[in-house]
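Student: can't give you the sequence, but here's the structure:
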């Protein structure tokens, strides 16, 4: 009888521990953002799931940021400055780039650590670009001078507004699966984009001028990797009823929840 009671007590303790782990809110790290920038991410993610906890990594060293992921469930690589083109062997592009090399170092460390832990990753704007570079791809350093297009992709610094254009999801890809549309308008605030796509990625959507606007794992590696998705626009400051906005946050958080239960 005592043995039965002891077994029951242990089982109850395990159930309590399991409940405590699964009932805790998801903790999402944002690689860099402050003030209005990070507030946009917080509002957007909490519109998808109200109790999400956001952890800001701005100001941390690469070592501190990577270490902080030990208590994190998912990572958002946010928008920002250009990536040092030395990272993809184009030193000659440096004069036309506005770089943040300390942030590059931090985010490369974050990507390595997140994938080591099996954490889902969502990249936004610069986040897409650094993921592509980190996995062996390269970038067009300046769209207006290096890519033949009539579409404006850059943020308007005079009027302080995003550019606007359409994105076409690729049928069978993640973007199409979540947006359920053949085309939709997005905001745009970048002057760089993917040139050579990383060999482990595949496009998930593109603009009408051929620029890759969303990426995911290729079919060959998808089942062996933690969730990864990245878009070139800023869904966190689009209208939430846009099919290219809140649906992305919801899918990311579903993947984070599933990943957390598996760890």
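Tutor: Thanks, I have it. None of these values were measured; they are calculated from a predicted model. Numbers count the residues shown, from 1 in each chain.

Student: can you get me a residue count around residue 46?
Tutor: 16 (other Cβ atoms under 10 Å). No exception for glycine: its C-beta is placed from N, CA and C like everyone else's.

Student: for residue 149, same thing?
Tutor: 16.

Student: kindly report the same for the one 10 residues further on.
Tutor: Taking other Cβ under 10 Å as the neighbour definition, residue 159 ends up with a count of 7.

Student: same check, this time on residue 136
Tutor: The burial count for residue 136: 13, using other Cβ under 10 Å.

Student: which residues touch it?
Tutor: By Cβ atoms under 8 Å, 6 or more residues apart in numbering, the contact set of residue 136 is 198, 199, 200.

Student: hmm, the first one is touching residue 135, no?
Tutor: This means residue 198. Yes: taking contacts as Cβ atoms under 8 Å, residue 198 lies within contact range of residue 135: 3.6 Å.

Student: what's the helix or strand residue 145 falls within in contact with?
Tutor: Element membership for residue 145 (DSSP states H and E) is helix 143-146. Here helix 143-146 makes contact (Cβ under 8 Å, 6+ apart) with 96, 140, 149, 153, 154, 190, 191, 192, 193, 211.

Student: what is the lowest-pLDDT residue among these?
Tutor: Lowest pLDDT among these: residue 154, with 89.

Student: if we ignore the residues flanking it in sequence, what's nearest residue 43?
Tutor: Leaving out its chain neighbours, the residue that sits closest to residue 43 by Cβ to Cβ, 6 or more residues apart in numbering is residue 236, at 7.6 Å.
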